[in-house]
Structures are given as structure tokens and as C-alpha cells.
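[1] Using only what follows, build the 3D model:
(one chain, ligands or ions: 1)
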Amino acid sequence: MWDRLKAHHAATRDRAILDLFSADPGRAAEFAVEACGMRLDWSKTNIDATARDLLLDLAEAAGVGARREAMFSGARINETEGRAVLHTALRNLDGSVIVDGADVMPAVRETLARMESFAEDVRRGRFAGAGGAFTDVVNIGIGGSDLGPAMACAALAPYADGPRCHFVSNVDPAHVSDVLAPLDPDRTLVLVASKTFTTVETMANAGAARDWMARVVADPATQFAAISSATEKAAAFGIPADRVFGFADWVGGRYSLWGPIGLSLMLAIGPERFRAFLSGAAEMDAHFRAAPFGANMPVILALAGIWHAQVAGLCSRAVLPYDQRLARLPAYLQQLEMESNGKRVAMDGGDLPVESGPIVWGEPGTNGQHAFYQLLHQGTRVVPCEFLIARHGHEPQLARQHRMLIANCLAQSEALMRGRGLDEARALMAARGLSGAELERQARHRVFPGNRPSLTLTYDRLTPGVLGRIIALYEHRVFVEGVILGINSFDQWGVELGKELALTLEPMLEGTADPAGKDGSTRALLAWLKG
Ligand code: F6P
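    Numbering: from 1, shown residues only. Below is the predicted model of the structure:
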């Protein structure tokens, strides 16, 4: 199947995407998929009907359908860790899901109810700090215990009517210091968010926050809550069980926003809107589970990704939200996609026959336009782009600016595809009064090769429900890509080696261990940094 796809790509790679539209007037509708009130346009790619059919066959042959059912029904599809993968159970709250003969849903519902009552107590000032109702919440966590809630809190700022939420993740002391500096210790609630409650960055920052609070608050633990599967470790830190919100091992860190890791979001927007967020994701789950592959948004998004990364060999993917409040979406997707699918060993232990998942990066439009779009348009590398844009913003009084935003978003995907040929560039220069050698010289710099692929996801407005749908869409996209690649998208062994080595280096920096066993470069860096 890969061979047929690669052969088809080789045979069609030089054709103009624009010509696909003249050849098929129905292309824009045919290569668009609508679901859950959103629309994904994948027509500005070099994927034609043959490529699409081959990609759909690839998904069938990879067993995406069976694997999808295995995930939703609680099978242990995370094989290297022997775990089920059930983040979907955190947002599909009715019914039952059986793991090891027991229904996991009563516990899910009970934890959600506990979170809601805690959130209401905090938001209404019934549970308060030493100095009064909490004005600020600091979530201390990293990776999946940070990126999801941080991204979502920024995304849903127009709905935030609770305490202000802040996020500390980096072990760099600058992070915790800068975040805490402007806050009142006696009106700040600290959430220690760590699935394992052992992550060194989080534990160091939690200790720093406790010390900061202890200067003002007699018993800082009274203003701490924990989000963790390790209740006994949280208790050892001094946080009583009624303020520990746990989740099962079948929720992966980067898929955990839907449960207790989303507590900061719930505190910010309130339990009702948090439920709307969950419902939006559940709608996308239902669509993913039922729609035929050809009309299935996560499947199509995944197949376009596979075409670009593994078939065409384009190694990066730009995520470009024309939605300022999704500024942290690219960072969130970096973990979701790269920690999930950045792997070179297949589930069966063999080497991957194709490239692993791509490098994901991006910035909100229009900022990126004034920074790196130069390379997107005229660099030697082709980067498939994924645009996101809402029909409406939250600022009706600034409707013209939203129109400008939409115009810019559409202009970029059009320019990437259309480009500008040499003749057009010459005409442009001639219109500016140039001629002869100078015209030729200037014209060449104004050529845009075009034929650069992009996808555009459109939605009505970035509400809690829409955000839930968007995130679930990407989660399932990552899942489908992982199944097609034949890898386990739910482990992350690649983060371990660096963590282990950091533990050996710290005593060398302290001077309590001998760096003799280290390589020359590391020894020299250690010596320099020790000063
Ligand atoms: O280092 C990788 C990782 O395990 C991520 O997968 C996870 O999201 C993050 O660390 C944080 O883990 P924890 O929630 O256990 O502190």
C-alpha cells in the first residue's frame, strides 16, 4: 500500500494543485468534510481522488476501525504499558465502560461531581484562603499536567468568571518566581498537578510555592489541592484526601485535560461550561466512532497528515490558528502529536517502514505572517500548513478586525497554493517603472513557487463546546495516524533517558559526584557552569 501511494505521489507531485480545481469543479465540496458544526477543507492539497482512495484503503488495511472500537471499549491497547486508553470515558458520562470486569464510569462521575463541588466552593468563596476568597489559582504541573489546562484557559478567556489561573511548569526558578511574585499568598490556591506525583520539576516547584506561602500563611497545606493518581504521595506532601482528585492509569498525561487535570479550567469558567466543553468532545467522539472513513473528520485529517509526512516526506507541519486565544494550541499539539507518534519502533518491535510523525510547530496568525511565513512562501522546504479560523469572534464591536483576520487567513492559503510566476512578477516590476536588467533581477525575488499544501478548519466561534470538539478532533487524528504507522501512541519512553542523566549530573554540579565517566564536552560544560 505504501508503495502504491508513493508511486502515485511521484507521478503527480509536479502537477499544480490549482489545476485540480479546474479539472474538477466539484473539488471544493468533495474535499471538505463537515462534522459537529465544523468544516475541514482539504482541497488545497495535491491529494486527488486516486490518492484519497488509496489513503482510505490504507486506513482500512491498518485496522483503524477495529482499533478504534478497542480503544473506546477499554481494551489494553497501550501494550508497552499494559493499559487501556480511555480518556474518552471522561467525557462520555452516560453508560458504562468495563475494564477488567468492572465498570469504570461510577468513579469517573463521582470524581467529576467532587471537582464540581470543590470548584463551586472556591468560586463562591466557601472554601477560601487565610486572607479571604481565592483571587488566584496556580496550577503547578508539566507536560500533560500543564499544556492542556494552560491552552484551554487562554482559549476560553471570554468565559472566565472565576479566580485568575496561572501556570508554573519549568524547573527554571524564574518561572515559579515570576508567576508568584504579583500574587497574594493568603488568597492563592495552589493545585499540584502530577499524575505520578514524582515528576521532579513539579515537586521542586510545589516545594517552592509552599515555602513562598509559608511566609504569610501558617499552614500552607490548607491552600493546596492535588491532582494525581498517587493519593498517598499527595498525603505525604500534606494534602488531605478530600482535596486530592485522582484519575486512573488509563488516562495518559497528554490526554488528561478532560478529568481532574482540567480543574483549573473548571475553576476559571465554572462547572457548567466545563460540562459543555466535555459535551463538545463527546460529540466529536460520536462522529469519529460512527462516520464512514470518507466523511470522518479525524480520519481525513489523519490521512492528509500521512500523505504529507510519510508519503510526500515533508517532515514538518505548521499549525496556524487565526485565533489569538489558541496561541498555546501549537505547543499543546507538540506534546499530543510528537510524544504520541514520534517513535521509530513499531508495536511488533520492528523498525517503522516509513518516517515517524512530523515536527509540529506554529504561532497564531497574523503574527506568524510577519515572522516565518517568508520561509513558508519562498523557502526551499515545503511545510504543509493547517489553518484554524472562526466565523465569529467574541468582539462584535471590532467586527471589522475579525473580517481582516479572516481575509488574512484565506489570503495565506490562497497565496501558498497559487504562488506568483515569473511573468507576473515581471509585470509587477514593469508597473513600478523598472526595466531591463534591474527588472529581471528584482522580478526573480518576487516569484512565489506556490503549489504548497494547506488545510483549513473552520468553526463558528471558540466556545467551550467548540474547543472540546477541536481538541478531540486532534486526539483522534493522532490515534488514526498512530494506528496506520503501527506504533503505540500512548507510551513515551523517549523522555526517560534525559531525565535519568539529569539525575546523575545534579550531584556533579553540587560537587558530590565525580564527572570522570562523562564525555569531554559534558565535563567541560560542567566545569564552566560550576564557575
Ligand atoms: O515526561 C513526560 C511525561 O510523563 C508526560 O507524558 C506527562 O504529561 C508529564 O511527564 C508530566 O507527568 P506527571 O503528570 O506524572 O507529572
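
[2] Show me what counts as buried in stretch 166-179.
    If you call a residue buried by 16 or more other CB atoms under 10 Å, then stretch 166-179 has these buried ones: 166, 167, 168, 169, 171, 175, 176, 179. From N, CA and C alone the C-beta is placed, and that goes for glycine too.

[3] now the residues you listed in JSON lines, with distance to the ligand?
    Formatted as JSON lines, the buried residues of stretch 166-179 follow (distance: CB to the nearest ligand atom, whole Å):
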{"residue": "166", "distance to the ligand": "18"}
{"residue": "167", "distance to the ligand": "13"}
{"residue": "168", "distance to the ligand": "13"}
{"residue": "169", "distance to the ligand": "9"}
{"residue": "171", "distance to the ligand": "12"}
{"residue": "175", "distance to the ligand": "15"}
{"residue": "176", "distance to the ligand": "15"}
{"residue": "179", "distance to the ligand": "18"}
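
[4] Give me the nearest residue to the residue in the stretch 351-500 of the chain that the ligand sits nearest to, chain neighbours excluded.
    Using CB to the nearest ligand atom, the single residue of the stretch 351-500 of the chain nearest to the ligand is residue 495, 3.9 Å away. Using CB to CB, 6 or more residues apart in numbering and skipping residues adjacent in sequence, the residue nearest residue 495 is residue 339, 7.3 Å away.

[5] How about residue 70?
    Excluding its sequence neighbours, the residue lying closest to residue 70 (CB to CB, 6+ apart) is residue 77, at 5.3 Å.

[6] Please tell me how far that neighbour sits from the ligand.
    According to CB to the nearest ligand atom, to the nearest Å, residue 77 and the ligand sit 17 Å apart.

[7] Which secondary structure elements does the strand or helix carrying residue 236 sit against?
    Taking DSSP states H and E as the criterion, residue 236 maps to helix 231-237. With contacts taken as 3 or more CB pairs under 8 Å, 6 or more residues apart in numbering; DSSP states H and E, helix 231-237 sits against strand 224-227, strand 244-245.

[8] again, only using 10 Å
    The elements that helix 231-237 packs onto, with contact taken as 3 or more CB pairs under 10 Å, 6 or more residues apart in numbering; DSSP states H and E, are strand 188-193, helix 200-214, strand 224-227, strand 244-245.

[9] how about it: buried residues?
    Under 16+ other CB under 10 Å, the buried positions of helix 231-237 are 233, 234, 237.

[10] Same question for stretch 507-519.
    508, 515, 518.

[11] ok, now stretch 152-164?
    For stretch 152-164, a neighbour-count test (16+ other CB under 10 Å) marks 152, 153, 154, 155, 156, 159, 160, 162, 163 as buried.

[12] Return the set of residues that bridge with the closest residue in space to the second one that isn't next to it in sequence.
    Excluding the flanking residues, the one nearest residue 153 by CB to CB, 6+ apart is residue 165, at 4.8 Å. When bridges are taken as DSSP bridges, the partners of residue 165 come out as residue 137.

[13] Now do the same contact list for residue 165.
    Residue 165 makes contact with 136-139, 149-150, 152-154, 157, 189, 191, 263-265, 267-269, according to CB atoms under 10 Å, 6 or more residues apart in numbering.

[14] Out of those, which are close to the ligand?
    Checked against the ligand using CB under 6 Å from any ligand atom, the contacts of residue 165 give no members in range.

[15] filter the residues you listed to the buried ones?
    For the contacts of residue 165, a neighbour count by 16+ other CB under 10 Å gives the buried set as 136-139, 149-150, 152-154, 189, 191, 263-265, 267-269.

[16] mind checking how far residue 359 is from residue 383?
    9 Å (CB to CB, to the nearest Å).

[17] Same drill for those two, tell me which one is more crowded.
    Neighbour tally, residue 359 and residue 383, criterion other CB atoms under 10 Å: the higher count belongs to residue 383, 22 against 14.

[18] isn't the residue of the stretch 351-500 of the chain closest to the ligand right up against residue 144?
    No - at 11.2 Å, residue 495 does not count as touching residue 144 under the criterion of CB atoms under 10 Å.

[19] Looking at these two, which is more packed in?
    Each of residue 495 and residue 144 has its neighbours counted (other CB under 10 Å); residue 144 has more, 24 against 10.

[20] mind checking how far that one is from residue 195?
    7 Å.

[21] Next, show the common contact partners of these two.
    Common neighbours of residue 144 and residue 195 (CB under 10 Å, 6+ apart) are 251, 252, 253, 256, 261.

[22] Between the residues you listed, which sits nearest residue 487?
    Distance to residue 487 across the shared contacts of residue 144 and residue 195 (CB to CB) is lowest for residue 252, with 14.1 Å.

[23] Report pLDDT for the residue of the stretch 351-500 of the chain closest to the ligand.
    At residue 495, the model reports a pLDDT of 96.

[24] and it, helix, strand or coil?
    helix (DSSP: H, G, I helix; E, B strand; the rest coil).

[25] got the contact list for residue 71?
    Taking CB under 10 Å, 6+ apart, one finds 77-78, 84-88, 289, 476, 479, 483, 489-490 in contact with residue 71.

[26] and those as a markdown table, adding pLDDT and secondary structure?
    Converted to a markdown table, the contacts of residue 71 look like this (pLDDT from 0 to 100; DSSP: H, G, I helix; E, B strand; the rest coil):
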| residue | pLDDT | secondary structure |
| --- | --- | --- |
| 77 | 95 | coil |
| 78 | 96 | strand |
| 84 | 95 | coil |
| 85 | 97 | coil |
| 86 | 97 | coil |
| 87 | 97 | helix |
| 88 | 97 | helix |
| 289 | 98 | helix |
| 476 | 98 | helix |
| 479 | 98 | helix |
| 483 | 98 | helix |
| 489 | 97 | coil |
| 490 | 97 | coil |
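
[27] quick one: which of those is most hemmed in?
    Among these, the one with the most neighbours (other CB under 10 Å) is residue 489, at 29 neighbours.

[28] how about that one, what does it touch?
    71, 77-78, 85, 252, 254-255, 336-337, 339-343, 347, 357, 475, 478-483.

[29] which ones among those residues are found in strands?
    Applying DSSP state E to those, no entry is found in strands.

[30] Sort out for me which of those are in helices.
    Cross-referencing these against helices under DSSP state H gives 71, 340, 341, 475, 478, 479, 480, 481, 482, 483.

[31] Overlap of the contact sets of residue 495 and residue 144?
    Residues touching both residue 495 and residue 144 by CB under 10 Å, 6+ apart: residue 339.

[32] Can you tell me, leaving aside adjacent residues, what's nearest to the residue in the stretch 251-400 of the chain that the ligand sits nearest to?
    Proximity of the stretch 251-400 of the chain to the ligand (CB to the nearest ligand atom) peaks at residue 253, 2.6 Å away. Once flanking residues are discounted, residue 253 sits nearest to residue 144: 3.0 Å by CB to CB, 6+ apart.

[33] Wait, that neighbour touches residue 259, no?
    No - here residue 144 lies out of contact with residue 259, judged by CB under 10 Å, at a distance of 11.1 Å.

[34] Give the residues shared as contacts by these two.
    Common neighbours of residue 144 and residue 259, counting by CB under 10 Å, 6+ apart, are residue 251.

[35] Alright, I will stop here.
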